[in-house]
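Visitor: please work out how this folds:
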Amino acid sequence: MTTVGILGGGQLARMLALAGAPLGVRFLIVDSASDACAGQVAPLITADWRDFDALAGLAQRSDVVTFDFENVPADTAHWLSERTRVFPNARALALAQDRLAEKSLFRELGLDTPAFATVDSRDDLQRALDRVGCPAVLKTRRLGYDGKGQFRIRAADDADAAWAALGGVPLILEAWVAFEREVSVIAVRSRSGELRTYPLVQNWHADGILSASLAPAPDAQALNAAALRHARAIGERLDYVGVFALELFVVDGRLLGNEMAPRVHNSGHWTIEGAPCSQFENHVRAVLGLPLGDTSALGTSVMLNWIGELPDPNPVLAEPRAHWHDYGKSPRAARKVGHATLCASGNVEMAERLARVARALGRDAQVAPVLAALGT
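Guide: Model (predicted):
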(Lines give C-alpha, C1' and ligand atoms only; values in the text may rest on other atoms or scores of the structure.)
Protein backbone atom coordinates (compact mmCIF):
# COMPACT_ATOMS: atom_id res chain seq x y z
CA MET A 1 0.00 0.00 0.00
CA THR A 2 1.22 3.52 -0.84
CA THR A 3 2.28 5.72 2.09
CA VAL A 4 2.46 9.52 2.08
CA GLY A 5 4.56 11.17 4.78
CA ILE A 6 3.44 14.61 5.96
CA LEU A 7 5.65 17.10 7.78
CA GLY A 8 3.26 18.95 10.06
CA GLY A 9 0.36 17.46 11.96
CA GLY A 10 -2.30 20.16 12.05
CA GLN A 11 -5.77 20.25 10.54
CA LEU A 12 -4.43 20.38 6.99
CA ALA A 13 -2.58 17.09 7.45
CA ARG A 14 -5.70 15.68 9.10
CA MET A 15 -7.84 16.59 6.08
CA LEU A 16 -5.21 15.27 3.65
CA ALA A 17 -5.31 11.90 5.42
CA LEU A 18 -9.10 11.82 5.42
CA ALA A 19 -9.18 12.67 1.70
CA GLY A 20 -6.54 10.10 0.76
CA ALA A 21 -8.01 7.18 2.68
CA PRO A 22 -10.67 6.35 0.03
CA LEU A 23 -7.84 6.14 -2.52
CA GLY A 24 -6.25 3.38 -0.45
CA VAL A 25 -3.39 5.63 0.69
CA ARG A 26 -1.81 5.42 4.12
CA PHE A 27 -0.29 8.43 5.89
CA LEU A 28 2.51 8.96 8.36
CA ILE A 29 2.65 12.27 10.22
CA VAL A 30 5.67 14.01 11.76
CA ASP A 31 5.12 16.86 14.21
CA SER A 32 6.92 18.19 17.26
CA ALA A 33 3.65 18.21 19.26
CA SER A 34 2.61 14.86 20.69
CA ASP A 35 -1.05 15.92 20.58
CA ALA A 36 -1.04 17.13 16.94
CA CYS A 37 -4.62 16.70 15.73
CA ALA A 38 -3.66 14.75 12.57
CA GLY A 39 -2.44 12.05 14.93
CA GLN A 40 -6.09 11.25 15.63
CA VAL A 41 -6.51 9.88 12.09
CA ALA A 42 -3.01 8.64 11.11
CA PRO A 43 0.13 7.35 12.85
CA LEU A 44 2.16 10.18 14.39
CA ILE A 45 5.92 10.43 14.89
CA THR A 46 6.75 13.07 17.48
CA ALA A 47 10.01 14.68 16.34
CA ASP A 48 11.66 17.99 15.57
CA TRP A 49 12.20 19.08 11.95
CA ARG A 50 15.96 18.49 12.43
CA ASP A 51 15.69 15.10 14.10
CA PHE A 52 17.31 13.32 11.19
CA ASP A 53 17.09 9.88 12.75
CA ALA A 54 13.31 10.20 12.91
CA LEU A 55 13.21 11.76 9.43
CA ALA A 56 15.27 8.88 8.05
CA GLY A 57 12.57 6.54 9.33
CA LEU A 58 9.93 8.69 7.66
CA ALA A 59 11.80 8.58 4.35
CA GLN A 60 12.23 4.82 4.55
CA ARG A 61 8.53 4.22 5.20
CA SER A 62 7.12 6.80 2.74
CA ASP A 63 6.71 6.66 -1.02
CA VAL A 64 6.48 10.46 -1.07
CA VAL A 65 6.73 13.23 1.53
CA THR A 66 4.76 16.49 1.54
CA PHE A 67 3.93 19.34 3.96
CA ASP A 68 1.00 20.87 5.78
CA PHE A 69 3.11 23.75 7.13
CA GLU A 70 5.27 26.09 5.05
CA ASN A 71 7.77 26.83 7.80
CA VAL A 72 9.41 23.40 7.73
CA PRO A 73 13.10 24.20 7.09
CA ALA A 74 13.89 24.03 3.39
CA ASP A 75 17.17 22.24 4.13
CA THR A 76 15.15 19.49 5.84
CA ALA A 77 13.08 19.15 2.66
CA HIS A 78 16.28 19.00 0.62
CA TRP A 79 17.75 16.34 2.94
CA LEU A 80 14.60 14.24 2.57
CA SER A 81 14.59 14.65 -1.22
CA GLU A 82 17.89 12.80 -1.37
CA ARG A 83 16.19 9.81 0.27
CA THR A 84 12.63 9.80 -1.10
CA ARG A 85 10.34 11.83 -3.35
CA VAL A 86 9.40 15.23 -1.87
CA PHE A 87 6.61 17.41 -3.32
CA PRO A 88 6.53 20.34 -3.52
CA ASN A 89 10.27 20.65 -3.96
CA ALA A 90 12.63 22.34 -1.51
CA ARG A 91 13.17 25.32 -3.83
CA ALA A 92 9.45 26.16 -3.90
CA LEU A 93 9.27 25.79 -0.13
CA ALA A 94 12.29 28.07 0.41
CA LEU A 95 10.92 30.77 -1.88
CA ALA A 96 7.52 30.83 -0.18
CA GLN A 97 9.24 31.17 3.21
CA ASP A 98 10.82 34.51 2.28
CA ARG A 99 8.45 37.38 1.55
CA LEU A 100 11.13 39.33 -0.30
CA ALA A 101 11.99 36.43 -2.64
CA GLU A 102 8.31 35.68 -3.09
CA LYS A 103 7.30 39.19 -4.12
CA SER A 104 10.38 39.55 -6.31
CA LEU A 105 9.33 36.40 -8.20
CA PHE A 106 5.77 37.68 -8.56
CA ARG A 107 7.01 40.85 -10.21
CA GLU A 108 9.47 38.97 -12.41
CA LEU A 109 6.59 36.83 -13.71
CA GLY A 110 4.27 39.77 -14.38
CA LEU A 111 2.16 39.71 -11.21
CA ASP A 112 2.27 43.20 -9.74
CA THR A 113 2.55 43.68 -5.97
CA PRO A 114 2.22 46.49 -3.45
CA ALA A 115 5.37 48.63 -3.21
CA PHE A 116 7.94 47.03 -0.91
CA ALA A 117 11.47 47.55 0.42
CA THR A 118 14.00 45.47 2.34
CA VAL A 119 14.61 46.46 5.98
CA ASP A 120 17.66 45.21 7.89
CA SER A 121 18.26 48.17 10.22
CA ARG A 122 16.48 51.11 11.80
CA ASP A 123 18.02 53.38 9.17
CA ASP A 124 16.73 51.02 6.46
CA LEU A 125 13.26 51.35 7.94
CA GLN A 126 13.38 55.13 7.69
CA ARG A 127 14.59 55.00 4.10
CA ALA A 128 11.89 52.43 3.27
CA LEU A 129 9.18 54.65 4.78
CA ASP A 130 10.47 57.61 2.77
CA ARG A 131 10.17 55.48 -0.36
CA VAL A 132 7.00 53.45 0.30
CA GLY A 133 5.12 56.01 2.41
CA CYS A 134 2.49 55.62 5.12
CA PRO A 135 0.41 53.76 5.96
CA ALA A 136 2.53 50.63 5.55
CA VAL A 137 3.04 47.22 7.12
CA LEU A 138 6.38 46.05 8.53
CA LYS A 139 6.67 42.26 8.32
CA THR A 140 9.22 39.62 9.15
CA ARG A 141 10.52 38.10 5.95
CA ARG A 142 10.15 34.63 7.47
CA LEU A 143 7.90 32.70 9.87
CA GLY A 144 4.87 34.97 9.65
CA TYR A 145 1.34 33.63 9.09
CA ASP A 146 -2.21 34.41 10.28
CA GLY A 147 -1.18 37.99 11.02
CA LYS A 148 1.88 37.04 13.09
CA GLY A 149 5.16 38.90 12.62
CA GLN A 150 3.48 42.11 11.40
CA PHE A 151 3.20 45.69 12.61
CA ARG A 152 1.01 48.27 10.91
CA ILE A 153 2.65 51.69 10.63
CA ARG A 154 -0.11 54.28 10.31
CA ALA A 155 2.20 57.30 10.52
CA ALA A 156 5.93 57.99 10.64
CA ASP A 157 5.73 58.32 14.44
CA ASP A 158 4.98 54.57 14.65
CA ALA A 159 8.38 53.60 13.23
CA ASP A 160 10.16 53.29 16.59
CA ALA A 161 7.44 51.07 18.00
CA ALA A 162 7.48 48.90 14.87
CA TRP A 163 11.24 48.50 15.06
CA ALA A 164 11.07 47.68 18.78
CA ALA A 165 8.46 45.01 18.07
CA LEU A 166 10.10 43.31 15.09
CA GLY A 167 13.69 44.57 14.70
CA GLY A 168 16.61 42.16 14.83
CA VAL A 169 15.50 39.83 12.04
CA PRO A 170 15.28 40.39 8.26
CA LEU A 171 12.20 42.48 7.51
CA ILE A 172 10.22 43.83 4.59
CA LEU A 173 8.12 47.00 4.49
CA GLU A 174 5.03 46.82 2.29
CA ALA A 175 2.71 49.61 1.28
CA TRP A 176 -0.74 49.43 2.81
CA VAL A 177 -3.21 48.53 0.08
CA ALA A 178 -6.69 50.05 -0.03
CA PHE A 179 -8.03 46.96 -1.78
CA GLU A 180 -11.54 46.47 -3.11
CA ARG A 181 -11.54 42.87 -1.95
CA GLU A 182 -9.25 40.05 -0.95
CA VAL A 183 -9.31 36.95 -3.13
CA SER A 184 -7.34 33.75 -3.53
CA VAL A 185 -6.87 31.09 -6.15
CA ILE A 186 -6.17 27.46 -5.30
CA ALA A 187 -4.10 25.72 -7.97
CA VAL A 188 -2.96 22.13 -8.35
CA ARG A 189 -0.12 21.02 -10.62
CA SER A 190 0.65 17.41 -11.48
CA ARG A 191 4.00 15.69 -11.91
CA SER A 192 3.52 15.92 -15.69
CA GLY A 193 2.95 19.69 -15.54
CA GLU A 194 -0.83 19.78 -15.92
CA LEU A 195 -2.27 22.68 -13.94
CA ARG A 196 -5.84 23.25 -12.84
CA THR A 197 -7.35 25.98 -10.69
CA TYR A 198 -10.48 26.20 -8.58
CA PRO A 199 -12.69 29.26 -9.10
CA LEU A 200 -11.44 32.43 -7.47
CA VAL A 201 -12.57 32.78 -3.84
CA GLN A 202 -13.40 36.01 -1.99
CA ASN A 203 -12.04 36.13 1.57
CA TRP A 204 -12.56 38.14 4.75
CA HIS A 205 -10.10 38.30 7.65
CA ALA A 206 -10.38 39.26 11.31
CA ASP A 207 -7.20 40.09 13.25
CA GLY A 208 -5.13 38.64 10.41
CA ILE A 209 -6.91 35.26 10.45
CA LEU A 210 -9.28 34.08 7.73
CA SER A 211 -12.85 34.48 8.92
CA ALA A 212 -14.97 33.54 5.89
CA SER A 213 -14.65 32.55 2.23
CA LEU A 214 -17.18 32.75 -0.59
CA ALA A 215 -16.80 30.56 -3.66
CA PRO A 216 -16.96 31.37 -6.45
CA ALA A 217 -16.09 35.04 -5.94
CA PRO A 218 -18.91 37.11 -7.52
CA ASP A 219 -18.30 38.95 -10.79
CA ALA A 220 -14.80 37.54 -11.22
CA GLN A 221 -14.72 36.09 -14.74
CA ALA A 222 -11.89 38.32 -15.98
CA LEU A 223 -10.02 37.96 -12.69
CA ASN A 224 -10.27 34.16 -12.92
CA ALA A 225 -8.45 34.19 -16.23
CA ALA A 226 -5.71 36.42 -14.85
CA ALA A 227 -5.35 34.30 -11.71
CA LEU A 228 -4.99 31.14 -13.80
CA ARG A 229 -2.30 32.81 -15.89
CA HIS A 230 -0.31 33.89 -12.84
CA ALA A 231 -0.67 30.50 -11.14
CA ARG A 232 0.52 28.72 -14.27
CA ALA A 233 3.59 30.95 -14.56
CA ILE A 234 4.54 30.39 -10.91
CA GLY A 235 3.93 26.64 -11.07
CA GLU A 236 6.07 26.27 -14.18
CA ARG A 237 8.91 28.44 -12.87
CA LEU A 238 9.13 26.45 -9.63
CA ASP A 239 8.43 23.05 -11.24
CA TYR A 240 5.78 22.81 -8.55
CA VAL A 241 3.91 19.58 -7.77
CA GLY A 242 0.83 19.64 -5.56
CA VAL A 243 -1.62 22.29 -4.39
CA PHE A 244 -0.67 25.89 -3.72
CA ALA A 245 -2.59 29.08 -3.01
CA LEU A 246 -2.07 32.62 -4.23
CA GLU A 247 -3.49 35.29 -1.94
CA LEU A 248 -4.35 38.38 -3.95
CA PHE A 249 -5.73 41.90 -3.62
CA VAL A 250 -8.16 43.38 -6.14
CA VAL A 251 -7.33 47.04 -6.78
CA ASP A 252 -8.95 49.02 -9.60
CA GLY A 253 -10.13 45.78 -11.17
CA ARG A 254 -6.67 44.17 -11.32
CA LEU A 255 -4.84 41.62 -9.20
CA LEU A 256 -1.91 42.37 -6.90
CA GLY A 257 0.11 39.50 -5.44
CA ASN A 258 0.15 39.29 -1.65
CA GLU A 259 1.46 35.86 -0.63
CA MET A 260 1.90 32.29 -1.83
CA ALA A 261 1.20 29.28 0.37
CA PRO A 262 3.03 26.11 -0.80
CA ARG A 263 0.37 23.75 0.53
CA VAL A 264 -3.35 23.19 0.77
CA HIS A 265 -4.96 26.35 2.10
CA ASN A 266 -7.65 27.52 4.49
CA SER A 267 -9.50 29.38 1.71
CA GLY A 268 -9.83 26.08 -0.16
CA HIS A 269 -11.66 24.19 2.59
CA TRP A 270 -14.96 24.77 0.79
CA THR A 271 -13.79 22.35 -1.92
CA ILE A 272 -14.37 19.34 0.35
CA GLU A 273 -18.12 19.59 -0.26
CA GLY A 274 -18.31 22.36 -2.87
CA ALA A 275 -16.26 20.81 -5.70
CA PRO A 276 -16.20 17.38 -7.37
CA CYS A 277 -12.64 16.81 -6.14
CA SER A 278 -11.36 18.64 -3.06
CA GLN A 279 -8.03 20.46 -2.81
CA PHE A 280 -6.95 17.74 -0.36
CA GLU A 281 -7.69 14.83 -2.67
CA ASN A 282 -6.14 16.69 -5.60
CA HIS A 283 -2.96 17.28 -3.60
CA VAL A 284 -2.72 13.57 -2.83
CA ARG A 285 -3.38 12.76 -6.48
CA ALA A 286 -0.74 15.21 -7.66
CA VAL A 287 2.10 14.10 -5.38
CA LEU A 288 1.41 10.43 -6.18
CA GLY A 289 1.30 10.99 -9.94
CA LEU A 290 -2.42 10.20 -10.27
CA PRO A 291 -4.77 12.02 -12.68
CA LEU A 292 -6.05 15.35 -11.35
CA GLY A 293 -9.70 15.70 -10.40
CA ASP A 294 -12.40 18.17 -11.47
CA THR A 295 -11.93 21.62 -9.90
CA SER A 296 -15.23 23.22 -10.87
CA ALA A 297 -17.68 24.60 -8.31
CA LEU A 298 -20.90 22.75 -7.47
CA GLY A 299 -22.99 25.88 -6.95
CA THR A 300 -22.21 28.46 -4.25
CA SER A 301 -20.26 27.68 -1.06
CA VAL A 302 -19.46 29.68 2.06
CA MET A 303 -16.83 28.54 4.55
CA LEU A 304 -16.92 29.98 8.07
CA ASN A 305 -13.81 29.60 10.22
CA TRP A 306 -14.14 28.86 13.93
CA ILE A 307 -11.40 30.62 15.87
CA GLY A 308 -10.66 30.06 19.56
CA GLU A 309 -13.58 27.74 20.30
CA LEU A 310 -16.37 25.94 18.48
CA PRO A 311 -19.89 27.39 18.48
CA ASP A 312 -23.03 25.28 18.77
CA PRO A 313 -23.15 23.03 15.67
CA ASN A 314 -26.93 22.56 15.72
CA PRO A 315 -27.96 25.73 13.81
CA VAL A 316 -25.46 24.85 11.08
CA LEU A 317 -26.40 21.19 10.82
CA ALA A 318 -30.08 22.09 10.67
CA GLU A 319 -29.48 23.65 7.24
CA PRO A 320 -29.63 21.62 4.01
CA ARG A 321 -26.21 20.85 2.51
CA ALA A 322 -24.38 22.06 5.63
CA HIS A 323 -21.13 20.46 6.77
CA TRP A 324 -19.34 20.65 10.12
CA HIS A 325 -15.60 20.11 10.68
CA ASP A 326 -14.23 19.75 14.21
CA TYR A 327 -10.41 19.56 14.11
CA GLY A 328 -10.13 17.81 17.46
CA LYS A 329 -8.19 20.68 19.04
CA SER A 330 -8.56 22.13 22.52
CA PRO A 331 -9.89 25.71 22.67
CA ARG A 332 -7.31 28.49 22.65
CA ALA A 333 -7.36 32.15 21.68
CA ALA A 334 -6.57 32.78 17.99
CA ARG A 335 -6.45 29.03 17.28
CA LYS A 336 -8.27 27.54 14.27
CA VAL A 337 -10.39 24.82 15.85
CA GLY A 338 -12.84 24.01 13.07
CA HIS A 339 -14.93 25.28 10.20
CA ALA A 340 -18.35 24.89 8.63
CA THR A 341 -19.29 24.95 4.96
CA LEU A 342 -22.70 25.82 3.60
CA CYS A 343 -23.50 24.81 0.04
CA ALA A 344 -26.37 25.99 -2.15
CA SER A 345 -27.44 26.00 -5.78
CA GLY A 346 -26.99 29.77 -6.07
CA ASN A 347 -26.48 33.07 -4.26
CA VAL A 348 -30.10 33.71 -3.23
CA GLU A 349 -30.48 30.32 -1.62
CA MET A 350 -27.09 30.71 0.05
CA ALA A 351 -27.95 34.11 1.47
CA GLU A 352 -31.10 32.73 3.11
CA ARG A 353 -29.22 29.85 4.76
CA LEU A 354 -26.30 31.98 5.81
CA ALA A 355 -28.53 34.63 7.38
CA ARG A 356 -30.34 31.99 9.45
CA VAL A 357 -27.04 30.56 10.71
CA ALA A 358 -25.71 34.03 11.54
CA ARG A 359 -28.80 34.94 13.58
CA ALA A 360 -28.76 31.65 15.47
CA LEU A 361 -25.06 31.84 16.33
CA GLY A 362 -24.86 35.58 16.91
CA ARG A 363 -22.37 35.87 14.02
CA ASP A 364 -23.99 38.79 12.21
CA ALA A 365 -20.77 40.82 12.08
CA GLN A 366 -18.81 37.88 10.62
CA VAL A 367 -21.45 37.16 7.99
CA ALA A 368 -22.59 40.68 7.01
CA PRO A 369 -19.88 41.32 4.38
CA VAL A 370 -20.48 37.89 2.85
CA LEU A 371 -24.20 38.62 2.53
CA ALA A 372 -23.35 41.95 0.93
CA ALA A 373 -21.10 40.19 -1.62
CA LEU A 374 -23.92 37.76 -2.37
CA GLY A 375 -26.02 40.77 -3.36
CA THR A 376 -28.48 40.65 -0.48
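Visitor: map the structural domains onto the sequence of the chain.
Guide: Using automatic domain parsing, the domain ranges for the chain come out as 3-86, 115-175, 181-373.
Visitor: quick one: which of those is nearest residue 108?
Guide: With C-beta to C-beta as the measure, domain 181-373 is the member of these nearest residue 108 (8.3 Å). The C-beta positions use only the backbone N, C-alpha and C, and glycine is treated the same way.
Visitor: off-centre distance for that closest one?
Guide: Relative to the chain's own centre, domain 181-373 is displaced by 9 Å; criterion: C-alpha atoms, centre = their mean, to the nearest Å.
Visitor: who's in contact with the residue lying closest to residue 329 once chain neighbours are set aside?
Guide: Spatial nearest neighbour of residue 329, excluding adjacent residues (C-beta to C-beta, 6 or more residues apart in numbering): residue 337 at 4.8 Å. Residues in contact with residue 337 (C-beta atoms under 8 Å, 6 or more residues apart in numbering) are 306-310, 326-327, 329, 331.
Visitor: go again using 6 Å as the cut-off
Guide: 306, 310, 327, 329 (C-beta atoms under 6 Å, 6 or more residues apart in numbering).
Visitor: which parts of the stretch 251-376 of the chain are strands?
Guide: 254-261, 300-307, 322-326, 336-344 (DSSP state E, counting those that start in this stretch).
Visitor: what ranges does the stretch 51-200 of the chain have for its helices?
Guide: Assigned by DSSP state H, counting those that start in this stretch, the stretch 51-200 of the chain shows helices spanning 52-61, 74-81, 90-96, 99-108, 122-132, 159-166.
Visitor: where does the prediction get shaky in the stretch 201-350 of the chain?
Guide: Low-confidence segments of the stretch 201-350 of the chain, defined by pLDDT under 70, are absent.
Visitor: please apply the same query to the stretch 51-200 of the chain.
Guide: Scanning the stretch 51-200 of the chain for pLDDT under 70 picks out the ranges 144-147.
Visitor: residues contacting the residue positioned nearest the centre of the chain?
Guide: Centroid-nearest residue in the chain, with C-alpha atoms, centre = their mean: residue 265, separated by 3.0 Å. Contacts of residue 265 were listed using C-beta under 6 Å, 6+ apart, and they are residue 245.
Visitor: one more time with 10 Å
Guide: Residues counted as contacts of residue 265 (C-beta atoms under 10 Å, 6 or more residues apart in numbering) are 12, 184-187, 201, 210, 213, 243-247, 271, 279.
Visitor: so which of these are in helices?
Guide: Among these, the members found in helices (DSSP state H) are 12, 271, 279.
Visitor: now those as a markdown table including neighbour count and distance to residue 222?
Guide: A markdown table is the format used below for the ones in helices among the contacts of residue 265 (neighbours: other C-beta atoms under 10 Å; distance: C-beta to C-beta, whole Å):
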| residue | neighbour count | distance to residue 222 |
| --- | --- | --- |
| 12 | 28 | 30 |
| 271 | 31 | 22 |
| 279 | 31 | 23 |
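Visitor: wait, which of the residues you listed is closest to residue 83?
Guide: Proximity of these to residue 83 (C-beta to C-beta) peaks at residue 12, which lies at 23.3 Å.
Visitor: can you pull up the bridge partners for the closest residue to residue 72 other than its chain neighbours?
Guide: Excluding the flanking residues, the one nearest residue 72 by C-beta to C-beta, 6+ apart is residue 7, at 4.7 Å. For residue 7, the beta-bridge partners under DSSP bridges are residue 30, residue 67.
Visitor: who are the contact partners of residue 7?
Guide: 13, 29-31, 47, 49, 55, 58, 65-69, 72-73, 76-77, 80, 86, 93.
Visitor: weed out the non-buried ones from those residues.
Guide: Buried residues within the contacts of residue 7, defined by neighbour count using 16 or more other C-beta atoms under 10 Å: 13, 29-31, 47, 49, 55, 58, 65-69, 72, 76-77, 80, 86, 93.
Visitor: need the contact list for residue 8.
Guide: 16, 29-33, 36, 38, 49, 66-72, 263.
Visitor: out of the ones in helices among the contacts of residue 265, the closest to residue 23 would be?
Guide: Of all these, residue 23 sits closest to residue 279, with 14.5 Å by C-beta to C-beta.
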